[in-house]
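1. Got a sequence here, can you build the structure:
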Amino acid sequence: MRAIIFLSALTLIPGVSSTVQDRPPNFLLIIADDVTYNDLPLYGGPNIETPNIDRLAAQGLTFDRAYLSIAMCNPCRTELYTGLYPFRNGSSWNHSAARDGTRSVVHYLSALGYRVGLSGKKHVSPAESFRFENVPGVPNPREVTPDPEFDTGAIEEFMSREPGQPFLLVTAFHEAHAPWTAGHPERINLEKLVLPANIADTPRTREQFAMYLAEIVTWDWEVGKLLNVLHESGRADDTIVILTSEQGSAFPGNKWTNWNTGVHTALVIRWPGKVGAGVRTDALVQYADVLPTLVAASGAGQGTQFDGKSFLPVLLGQASKHRDYVYLMHNNVPEGPPFPIRAIVNDRWHYIRNLLPERLYFEKHMMGGFRSNWFWESWLAATGPWTDTSINRRAVELINRFMRRPAEQLYNVADDPYQMRNLIGDLELSGVRDQMDAELGRWMQSQGDPGVALDTEAQWSAARNGKHLIPYRKQ
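-> Now for the predicted structure:
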């Protein structure tokens with residue numbers, strides 16, 4: 001029997017709707033695909049220019065501490081669209097489905113009179129939970145395409161249709177998901193590339209990293225064209241624009257991990273007349289908070305049926321803090337053999353539990369026959385005795401870091417964004433470790449998350465077909 005999630009009608013909180021305009025705003029949600037947040041110049045990325053994203057940030061609010069629960073496409077989008085953590089919504093693995101009966105942004109905003117459309121990548125299921133209106137336009141280059149075509153005709157029609165009715169349009173771009181086929185990597189000087197600290201510096205890695213960066217430049221161009229369409233529609237002044245980079249890139253240590261460069265995401269929000277221009281915030285938020293925020297911004301008030309909580313007060317400049325912790329998880333099936341991870345982050349510390357630390361970590365898209373990028377073998381080749389000593393030593397360190405993970409990891413995320421220094425053995429931080437461990441355990445228990453037992457082929461296969469073996473029971 002399929003588990004049913006019962007979600008009550010929206011519960012209004014007095015006073016919330018009075019902070020927003022009388023006419024409900026439109027929403028334009030812009031999503032990248034596998035872009036590590038700090039590869040963007042907005043977050044310190046040194047290699048490329050993204051003028052359109054930077055211009056949007058100059059007109060709105062940039063979140064410096066935004067996260068998603070699982071650094072994989074399908075689960076993070078399900079969290080974003082439902083306002084629920086992965087175990088509760090049912091999408092705790094990549095290429096899985098939400099629990100039968102799960103409601104999404106489509107249901108909530110449609111009930112409030114919105115048209116809800118999606119252009120581009122969907123990658124969420126089951127269909128009945130995510131019945132977006134299909135809006136063609138966002139390109140998906142399959143072959144090498146230096147200059148992808150971006151036909152905005154249907155997007156223009158969607159925005160302009162029925163001017164008296166508010167809309168939400170998700171524009172889910174395919175950049176920079178591997179394989180990297182879009183843009184002009186030849187315009188990037190490989191010798192001048194500054195590689196992140198968690199990536200081994202080999203010639204092949206530099207080539208692939210340039211191809212990845214070229215896709216980000218392409219995404220920025222698409223963002224600019226999309227924002228121009230919004231402006232020309234005449235709806236820009238009453239539209240909240242939300243831009244996010246999704247999880248980290250398909251380089252080791254980012255996507256498919258609970259490390260900072262996997263789960264930390266870019267988040268920029270522009271709301272003319274409501275949100276200050278060129279402002280940044282350290283407020284801690286995560287994807288589960290976005291849908292409650294949209295509902296609250298529409299004027300309906302905040303519901304009690306979400307795991308996330310509206311950060312509307314942060315948007316309106318009424319609060320500088322939102323939540324104390326963000327919660328993270330990873331189940332490695334079907335991307336590799338079981339390697340379950342759970343983690344938690346607060347305003348300073350990032351604590352990780354590797355639930356099967358005796359095992360080696362493998363991920364098929366980077367290390368196996370399913371590879372769509374080709375740099376991992378250059379890391380292995382760099383460990384031979386005939387290679388440059390500095391490359392040899394660094395490659396060995398990074399391979400070991402990636403594949404051999406201790407039971408616990410603790411990082412000062414503010415000082416060590418690439419998390420190269422595990423502080424779990426520091427006795428002076430034992431109190432921090434105990435606090436983070438206790439809160440992570442409380443969250444897992446509240447969700448009914450069994451930990452190791454979830455990361456199996458049987459659990460994933462059942463969830464993929466909407467027949468989850470472990471039902472969600474509110475604790």
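2. Residue ranges in this protein under the pLDDT threshold?
-> By pLDDT under 70, the low-scoring segments of the chain are 1-22, 302-303, 369-373, 384-391, 475.
3. need the strands for it, in chain order.
-> With DSSP state E applied, the chain shows strands at 26-31, 61-67, 115-120, 133-134, 167-172, 239-244, 264-270, 279-281, 285-286, 326-330, 341-345, 349-354, 408-412, listed in chain order.
4. Out of those strands, indicate the one that is most buried.
-> strand 326-330 (a mean of 27; mean count of other Cβ atoms under 10 Å). Any C-beta I mention is one placed from the backbone N, CA and C, and that applies to glycine too.
5. contact partners of it?
-> Identification of contacts with strand 326-330 by Cβ atoms under 8 Å, 6 or more residues apart in numbering yields 67, 69-72, 85-87, 92, 256-258, 263, 284-286, 339-345, 440, 443, 449.
6. Tell me how far the longest helix seen in the chain lies from the chain's centre.
-> Taking DSSP state H as the criterion, the chain has its longest helix at helix 203-233. Mean C-alpha position of helix 203-233 versus that of the full chain (Cα atoms, centre = their mean, to the nearest Å) differs by 17 Å.
7. again with stretch 129-147
-> Distance of stretch 129-147 from its chain centroid, counting by Cα atoms, centre = their mean, is 18 Å.
8. Next, the buried residues of that stretch.
-> Going by neighbour count (16 or more other Cβ atoms under 10 Å), the buried part of stretch 129-147 is 129-130, 132, 135, 137-141.
9. Could you dump the strands of the chain into JSON lines and include distance to Tyr418?
-> What follows is the strands of the chain, written out as JSON lines (distance: least, Cβ to Cβ, whole Å):
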{"stretch": "strand 26-31", "distance to Tyr418": "24"}
{"stretch": "strand 61-67", "distance to Tyr418": "16"}
{"stretch": "strand 115-120", "distance to Tyr418": "30"}
{"stretch": "strand 133-134", "distance to Tyr418": "39"}
{"stretch": "strand 167-172", "distance to Tyr418": "27"}
{"stretch": "strand 239-244", "distance to Tyr418": "21"}
{"stretch": "strand 264-270", "distance to Tyr418": "11"}
{"stretch": "strand 279-281", "distance to Tyr418": "21"}
{"stretch": "strand 285-286", "distance to Tyr418": "20"}
{"stretch": "strand 326-330", "distance to Tyr418": "17"}
{"stretch": "strand 341-345", "distance to Tyr418": "15"}
{"stretch": "strand 349-354", "distance to Tyr418": "11"}
{"stretch": "strand 408-412", "distance to Tyr418": "9"}
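10. if we can go back for a sec, and which of the buried residues of stretch 129-147 is nearest to Asp238?
-> Val135 (19.1 Å; Cβ to Cβ).
11. Tell me who's in contact with the closest one.
-> Applying Cβ under 8 Å, 6+ apart, the residues near Val135 are 117-119, 154-155, 158, 169.
12. Apply 6 Å and report the result again.
-> Residues in contact with Val135 (Cβ atoms under 6 Å, 6 or more residues apart in numbering) are 117, 119, 154-155, 158.
13. Check Phe132 too.
-> Phe132 touches 106, 116-118, counting by Cβ under 6 Å, 6+ apart.
14. run the last query once more with 8 Å
-> Contacts for Phe132 were tallied using Cβ under 8 Å, 6+ apart; they are 106, 116-118, 122, 170.
15. per the record, what domains does the chain have?
-> Residue ranges for the domains of the chain, per automatic domain parsing: 17-324, 329-464.
16. My guess is Lys122 contacts Phe130. True?
-> Yes: assessed by Cβ atoms under 8 Å, Lys122 is found in contact with Phe130 at 7.0 Å.
17. that older thread, from the contacts of Val135, which single one is nearest Phe63?
-> Ser119 (23.7 Å).
18. Against Pro471, how distant is that closest one?
-> According to Cβ to Cβ, to the nearest Å, Ser119 and Pro471 sit 34 Å apart.
19. one step back: now the contacts of Phe132 as TSV including distance to Ser96?
-> Conversion of the contacts of Phe132 to TSV gives the following (distance: Cβ to Cβ, whole Å):
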residue	distance to Ser96
Val106	19
Val116	23
Gly117	24
Leu118	19
Lys122	14
Val170	20
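20. and those residues, which two are the farthest apart?
-> Spanning the widest gap among the contacts of Phe132 are Val116 and Lys122, at 12.6 Å by Cβ to Cβ.
21. Surely Glu175 is in contact with Trp221?
-> No: Glu175 is beyond contact range of Trp221, at 9.6 Å (criterion: Cβ under 8 Å).
22. neighbour-wise, which of these two wins?
-> Neighbours were counted for Glu175 and for Trp221 using other Cβ atoms under 10 Å; Glu175 has more, 28 against 19.
23. ok, the more buried one - contacts?
-> 32-33, 35, 182-183, 215-216, 218-219, 222.
24. who's in contact with the nearest residue to Asn354 once chain neighbours are set aside?
-> The shortest distance from Asn354 to any non-neighbouring residue, by Cβ to Cβ, 6 or more residues apart in numbering, is to Arg405 (4.6 Å). For Arg405, the contacting residues are 354, 357, 361, by Cβ under 8 Å, 6+ apart.
25. Dihedrals phi and psi, Arg405?
-> Main-chain torsions, Arg405, degrees, to the nearest 10: phi -120, psi 130.
26. Relative to Met420, how far out is the residue nearest to Val432 when sequence neighbours are not counted?
-> Leaving aside its chain neighbours, Val432 sits nearest to Trp349 (5.6 Å; criterion: Cβ to Cβ, 6+ apart). Going from Trp349 to Met420 by Cβ to Cβ gives 16 Å.
27. Run through the bridge partners of the nearest residue to Arg280 once chain neighbours are set aside.
-> For Arg280, ignoring the flanking residues on the chain, the nearest one in space by Cβ to Cβ, 6+ apart is Thr62 at 4.7 Å. Taking DSSP bridges as the rule, Thr62 bridges to Val268, Arg280.
28. I figured Thr62 hits Thr265, correct?
-> No: contact criterion Cβ under 8 Å: Thr62 and Thr265 do not qualify, at 11.8 Å.
29. Verify the stated contact: Asn422 with Ala407.
-> No: in this structure Asn422 lies outside contact range of Ala407 using Cβ under 8 Å: 11.0 Å.
30. quick one: which of the two has more around it?
-> Applying other Cβ under 10 Å to Asn422 and Ala407 shows that Asn422 carries more neighbours, namely 16 against 12.
31. Trp374 is in contact with Arg204, isn't it?
-> Yes: with contact defined as Cβ under 8 Å, Trp374 reaches Arg204; the gap is 6.7 Å.
32. Could you point out which of the contacts of Glu175 is nearest to Val290?
-> Checking these one by one against Val290 (Cβ to Cβ), the nearest turns out to be Ala32, at 14.9 Å.
33. List the contacts of the closest one.
-> By Cβ under 8 Å, 6+ apart, the residues touching Ala32 are 173, 175-176, 216, 219, 244-246, 266.
34. how much space between the closest residue in space to it that isn't next to it in sequence and Arg464?
-> Sequence neighbours aside, Ser245 is the residue nearest to Ala32 in space, at 4.6 Å (criterion: Cβ to Cβ, 6+ apart). As defined by Cβ to Cβ, Ser245 lies at a distance of 26 Å from Arg464.
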